[in-house]
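[1] this is the structure alone, sequence omitted:
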């Protein structure tokens, strides 16, 4: 059995099943001839070549598109698949993925965009059902397009099409890619929607590129809405842009258990940015790491970083998934550094071997940015990071000074449509973080 792989509407290769839970990928001769051997098309870990790629490197790319954890188990159970069957999952869900890639059955061409009459708009009842933290059912035989998409991660979230003309939501269909990612609340993690919104706004206010995000509600249910940065245009007529995660680009399989953290470390991430000619983007990555430490986001930064393919080449995509996870009991595996000791350390600010990442950033200033597309959340001032990696800060798992600075900034969030919820979430995050680091809240 095999699947055809399309990129930007053109067939570029095939995914071939080779034994139980094993599969390989190969480009078409036409794709190799047109692009040139060694050039990047689908992924930096899968450069154009005539020879097929083995199961390991192929799995790294495919698994980077698929859900993980208990959410994956639930999806597989409803589809009648083994959770370890990545080929079966991408065959069932691969018509709407991250980036501009589409998987179809062998010989099946991508469908043209549907007419408005053929679009499956979500009813009020169905939308309310899928917004629950743990829906009773994910798929519905009577609605063939329901949940037919794939998003990585362990969280229940939705890839939907939003029509700005009617304010209706629809499931993605062949020929009509999703335009927004919707994240409902999570059972056992109260306030995570406003938590993520507040962190995203704070990162934006500090001058970092972030996904365009807002909080919305349906009845009494709050949910987070992120406009997809790998889509161009709005509504049913949107087009796909290609992207890949840092892990996909570096050939690292999620949850492989073979690496500490199972995500790229910062040295690999910075090396990747240098290799693609985006060396200056390392500074934004470094600033995001210190913001993660300040708010208590224990997710490895490189796990929530991606490359966006534009006409000029790949660039660092906006940051996403910014959540103060320590307030929910998450633990940081280790303080992020460029590489794991005892290897010599290097940083975007200073290439002197042996100099610590924090020391090189002690003089870094994070400047605010004016976002004309949205009302600024708070008035920004430049802040200086100092004494970032003292012994005490390492033990606490973060940066003392930036934690205090961000806590002060959170305290002056201005009114918005969901200000009370946002203030409650960030106050909890900032106060908890400050207490953990023995700082006055």
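    Perfect, thanks for sending it. Bear in mind the structure is a predicted one, so any value in this text is a computation, not a measurement. Numbering: from 1, shown residues only.

[2] need the contact list for the residue positioned nearest the centre of the chain.
    Nearest to the mean C-alpha position of the chain, by C-alpha atoms, centre = their mean, lies residue 304 at 4.6 Å. Contacts were defined as C-beta atoms under 8 Å, 6 or more residues apart in numbering; by that measure residue 304 touches 319, 320, 321, 322. Glycine gets a C-beta too; all of them are placed from N, C-alpha and C.

[3] in stretch 82-94, what's buried?
    By 16 or more other C-beta atoms under 10 Å, the buried positions in stretch 82-94 come out as 83, 85, 86, 87, 88, 89, 90, 91, 92, 93, 94.

[4] again but with stretch 22-38, I slipped
    Those would be 23, 24, 25, 26, 27, 28, 31, 32, 35, for stretch 22-38 by 16+ other C-beta under 10 Å.

[5] for it, what is the average pLDDT?
    Mean per-residue pLDDT for stretch 22-38: 96.

[6] off-centre distance for stretch 72-85?
    Chain-centre distance of stretch 72-85: 22 Å, with C-alpha atoms, centre = their mean, to the nearest Å.

[7] who touches it?
    21, 66, 67, 88, 89, 92, 93, 137, 138, 139, 147, 154.

[8] and the fifth one, how far from residue 151?
    In this structure, residue 89 lies at 12 Å from residue 151, with C-beta to C-beta, to the nearest Å as the measure.

[9] same question for the fourth one.
    Going from residue 88 to residue 151 by C-beta to C-beta gives 17 Å.

[10] could you tell me how many residues sit around residue 118?
    Residue 118 has 10 neighbours, counted by other C-beta atoms under 10 Å.

[11] my bad, should have said residue 312
    Other residues near residue 312 come to 7 when the count uses other C-beta under 10 Å.

[12] where does pLDDT dip in the protein?
    Within the chain, the set of residues satisfying pLDDT under 70 comprises 255-262, 333-441.

[13] helices of that one, start to end?
    Using DSSP state H, the helices assigned to the chain run over residues 29-35, 55-63, 69-79, 86-93, 124-130, 192-205, 246-250, 266-275, 281-295, 357-360, 391-396, 400-410, 419-436.

[14] what angle sits between the fourth one and helix 69-79?
    Between the direction of helix 86-93 and that of helix 69-79, the angle (axes from the mean of the first three to the mean of the last three C-alpha atoms, to 10 degrees) works out to 70 degrees.

[15] distance between helix 86-93 and the chain's centre?
    For helix 86-93, the distance to the chain centre is 20 Å (C-alpha atoms, centre = their mean).

[16] ok, now the first one?
    The gap between the average C-alpha position of helix 29-35 and the chain average comes to 30 Å, counting by C-alpha atoms, centre = their mean.

[17] who does that helix touch, helix- and strand-wise?
    strand 10-17 (3 or more C-beta pairs under 8 Å, 6 or more residues apart in numbering; DSSP states H and E).

[18] distance of residue 231 from residue 171?
    Distance from residue 231 to residue 171, by C-beta to C-beta: 15 Å.

[19] ok, residue 200 next?
    Remark: distance between residue 200 and residue 171 (C-beta to C-beta) = 25 Å.

[20] got it, and residue 62?
    Residue 62 is 22 Å from residue 171, by C-beta to C-beta.

[21] again, but for residue 229
    Separation of residue 229 from residue 171 (C-beta to C-beta): 21 Å.

[22] ok, the two, which is more surrounded?
    residue 171 (24 against 17).
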